[in-house]
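Novice: here is a sequence with its predicted model. Questions after.
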Protein chains: 2
Amino acid sequence: MQNLSKNQQIIFDLIDKSPQPLKAYSILFNVQKKGIKAPLQVYRALDKLVEIGKIHKIESRNAFIACQNSSCQISKATAFSICENCEKVTEINNSSLSKYLTGFKDKNGMKYNKYNLEFFGLCKKCISKKI
Amino acid sequence: MQNLSKNQQIIFDLIDKSPQPLKAYSILFNVQKKGIKAPLQVYRALDKLVEIGKIHKIESRNAFIACQNSSCQISKATAFSICENCEKVTEINNSSLSKYLTGFKDKNGMKYNKYNLEFFGLCKKCISKKI
DNA sequence: TTACAAAATGTTATATTATAACAATTTAAC
DNA sequence: GTTAAATTGTTATAATATAACATTTTGTAA
Ligand SMILES: [Zn+2]
Ligand SMILES: [Zn+2]
Ligand SMILES: [Zn+2]
Ligand SMILES: [Zn+2]
């Protein structure tokens, strides 16, 4: 766990406080008052934060969420549940699932060193609202 | 299995013949000689093809691949292996995996109706080349 | 066979997401 | 202190995707 640089810390703090995933340009808008003015500054910080496992990218949403586990072994094994109604995203921390997927071998002979899994459905709240 | 419209058929044929996933603007470039001139025409066909399960979107690559199974129950349960060296993508068809994931229940009480899984690593060829 | 609705198409403009290229500054290691 | 690596700053541009609106085609049923 290394120290974050100024821009990395500003952007991580914002994402970490957010209850839902944030998009890059929404992050940009929110950190402009702190002196981060250009998309590239945001993307560079995001790249680094993803690389060190402090945040994850939700690929189907082009959005970023703070890691809710212990940096997921540097983002090598990630799983999320995504509510298609309210867009709430939760990181799944389930050892049976991660064991199964980490140990998974397909017949194609590929050697996997990473996976990303996204489940879609309705969250408890949205089910109970019968939406 | 409904019939495809003209644009849908043109674009599906192109994707289906391709050994690797295709990106939207690469598709656009390749079908301009067939009269499809605007991005929106491509995206509309892609949306429809995804909806009916003839193709899948590889989210981490923003690219599209023809379904290699039987339209994956209308794209509700998809898994891919992606070589990070040569970018070869293969659709995984493994009933143990799909059973496990379709039956997966997390403690958060969410009801899942869909998932997408992407494995990353090195394909056989790239391993043997020791890249 | 006409009338209607749904789906698909055509077209222009624009929004959103992401990177290239280059220069300067800060940080960390030796 | 010198150097290399990482980070930052800045402008421009590339790549991905959708909005809005008009028209045409297709399927269905009176
Ligand atoms: Zn995590
Ligand atoms: Zn919800
Ligand atoms: Zn499929
Ligand atoms: Zn390969």
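Specialist: That came in fine, so what should we check first? Since the model is a prediction, treat every value here as computed from it, not as a measurement. Ligands and ions are numbered 1, 2, ... in the order given.
Novice: counting by contacts, list what the strand ranked longest in chain A packs against.
Specialist: The residue-count maximum for a strand in chain A (DSSP state E) belongs to strand A:111-122. Strand A:111-122 makes packing contacts with strand A:77-83, helix A:95-102, strand B:111-122 when contacts are defined by 3 or more CB pairs under 8 Å, 6 or more residues apart in numbering or on different chains; DSSP states H and E. For every residue, glycine as well, the C-beta is placed using N, CA and C.
Novice: buried set for that strand?
Specialist: For strand A:111-122, a neighbour-count test (16 or more other CB atoms under 10 Å in any protein chain shown) marks A:112, A:114-122 as buried.
Novice: okay, now the sheet partners of it, with direction.
Specialist: Paired strands of strand A:111-122, with direction, are strand A:77-83 (parallel), strand B:111-122 (antiparallel) (DSSP bridges).
Novice: just give the number of residues close to A:K48.
Specialist: Counted with other CB atoms under 10 Å in any protein chain shown, the neighbours of A:K48 add up to 18.
Novice: my error: substitute A:I27 in the last question.
Specialist: Neighbourhood size, A:I27 [other CB under 10 Å]: 23.
Novice: for the one 10 residues further on, same thing?
Specialist: The tally of other residues near A:K37 (other CB under 10 Å) stands at 11.
Novice: what values do phi and psi take at it?
Specialist: phi -110, psi -20 (degrees, to the nearest 10).
Novice: pLDDT at it, what is it?
Specialist: With respect to pLDDT, A:K37 scores 96.
Novice: is A:R61 in contact with A:E87, as I believe?
Specialist: Yes - A:R61 is within contact range of A:E87, at 7.4 Å (criterion: CB atoms under 8 Å).
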